[in-house]
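Student: Please work out how this folds:
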Amino acid sequence: QVQLVESGGGLVQAGGSLRLSCVASGRINSIEYMGWFRQALGKEREFVSSIIWSGGVTFYPDSVKGRFTISRDKAGNTMYLQMNSLKPEDTAVYSCAARSLGNSGSIVRSASYDNWGQGTQVTVSS
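Tutor: Residues are numbered from 1 along each chain as shown. Predicted coordinates for the structure are as follows:
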């Protein structure tokens with residue numbers, strides 16, 4: 001099992017920036033991918049970004065490409081999401097997730113991840 005703890009959410013004005021952090025503990029060596037998902041009130045969970053834990057290759061949907069940057073610090077077992085040029089539609093609960101080696105499925109699907117953090121609220125005011 002991998003335990004994940006997010007931090008860094010908050011209230012920001014449109015056009016502003018926030019950086020989310022996700023600290024992993026437990027079976028770190030079992031992680032293949034880590035990712036960020038978000039869920040706005042009344043909407044389904046949405047893929048935000050993912051990173052291959054060992055190699056650092058990153059993935060983004062068009063909705064955040066060019067504004068959000070995912071990164072990781074392997075020594076510190078921490079993943080980050082730098083969010084710039086935030087928009088009101090970015091308002092959501094952001095959760096980090098980890099997918100263990102041997103699991104399959106598309107990395108943009110939340111069902112492909114087997115470890116989740118508790119989530120952190122990001123609110124962007126207009």
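
Student: Residue 54: helix or strand, and which one exactly?
Tutor: Using DSSP states H and E, residue 54 maps to neither a helix nor a strand.

Student: and it, what are its phi and psi?
Tutor: The phi/psi pair for residue 54 (degrees, to the nearest 10) reads phi -80, psi -50.

Student: roughly how far apart are it and residue 71?
Tutor: Separation of residue 54 from residue 71 (Cβ to Cβ, to the nearest Å): 14 Å. Placement of C-beta: from N, CA and C, glycine included.

Student: What of residue 40?
Tutor: Residue 40 is 24 Å from residue 71, by Cβ to Cβ.

Student: what do you get for residue 103?
Tutor: Counting by Cβ to Cβ - residue 103 and residue 71 are separated by 22 Å.

Student: swap in residue 56?
Tutor: To residue 71, residue 56 is 8 Å away according to Cβ to Cβ.

Student: Mind checking which of the two has more residues around it?
Tutor: residue 71 (14 against 11; other Cβ atoms under 10 Å).

Student: where does that one fall, helix, sheet strand or coil?
Tutor: Assigned with DSSP: H, G, I helix; E, B strand; the rest coil, residue 71 falls in the strand class.

Student: doesn't residue 53 make contact with it?
Tutor: No - contact criterion Cβ atoms under 8 Å: residue 71 and residue 53 do not qualify, at 11.5 Å.

Student: Neighbours of the nearest residue to residue 124 once chain neighbours are set aside, how many?
Tutor: Closest residue in space to residue 124, ignoring its immediate chain neighbours: residue 86 at 4.6 Å, by Cβ to Cβ, 6 or more residues apart in numbering. Taking other Cβ under 10 Å as the criterion, the count of residues near residue 86 is 21.
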